[in-house]
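Asker: Model the structure of this input:
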Amino acid sequence: MRVDTIEDALQMLPFVPFTFVLPSDRAVPVPHPEFVSISPNRKQVLIWNKRGGWSIVEPLLVVELAFKGAKKR
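Answerer: The predicted structure follows:
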């Protein structure tokens, strides 16, 4: 996935929580944009969780951004 797409999701107003879905069916939730940091080289994304843990994700491995409350069409 392009980092620009992730940045667009983080800047939406109002913000809608979403989840990074990875090829292994692993899901990394993003409850608030302040929980995410994009590295200067734009090759990694750091996502904090509410318990103080974190995950590092490579944007190229993100299959989709699943938005909470999104309706299927």
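
Asker: I'd assumed Pro17 was in contact with Val28.
Answerer: No - here Val28 lies out of contact with Pro17, judged by Cβ atoms under 8 Å, at a distance of 11.8 Å. In short, each C-beta sits where N, CA and C put it, glycine included.

Asker: Would you state the strands of the chain in chain order?
Answerer: All strands of the chain, identified by DSSP state E, fall at 18-21, 27-30, 36-38, 45-48, 54-57, 64-67.

Asker: Can you tell me the centre-most residue of the protein?
Answerer: Centroid-nearest residue in the chain: Phe20, 4.5 Å away (criterion: Cα atoms, centre = their mean).

Asker: how about the nearest residue to it, chain neighbours excluded?
Answerer: Val28 (4.3 Å; Cβ to Cβ, 6 or more residues apart in numbering).

Asker: any low-confidence regions in the protein?
Answerer: Residues of the chain that meet the criterion pLDDT under 70 lie in 69-73.

Asker: Apply 50 and report the result again.
Answerer: Residue ranges of the chain with pLDDT under 50: 72-73.

Asker: And Pro29, how close does it get to Lys68?
Answerer: Using Cβ to Cβ, to the nearest Å, one gets 9 Å for the distance from Pro29 to Lys68.

Asker: check contacts around the nearest residue to Val63 once chain neighbours are set aside.
Answerer: Distances taken as Cβ to Cβ, 6+ apart put Val21 closest to Val63, at 4.9 Å, once the chain neighbours are dropped. When contacts are counted by Cβ atoms under 8 Å, 6 or more residues apart in numbering, Val21 is found next to Ala27, Val62, Val63, Glu64, Leu65, Ala66.
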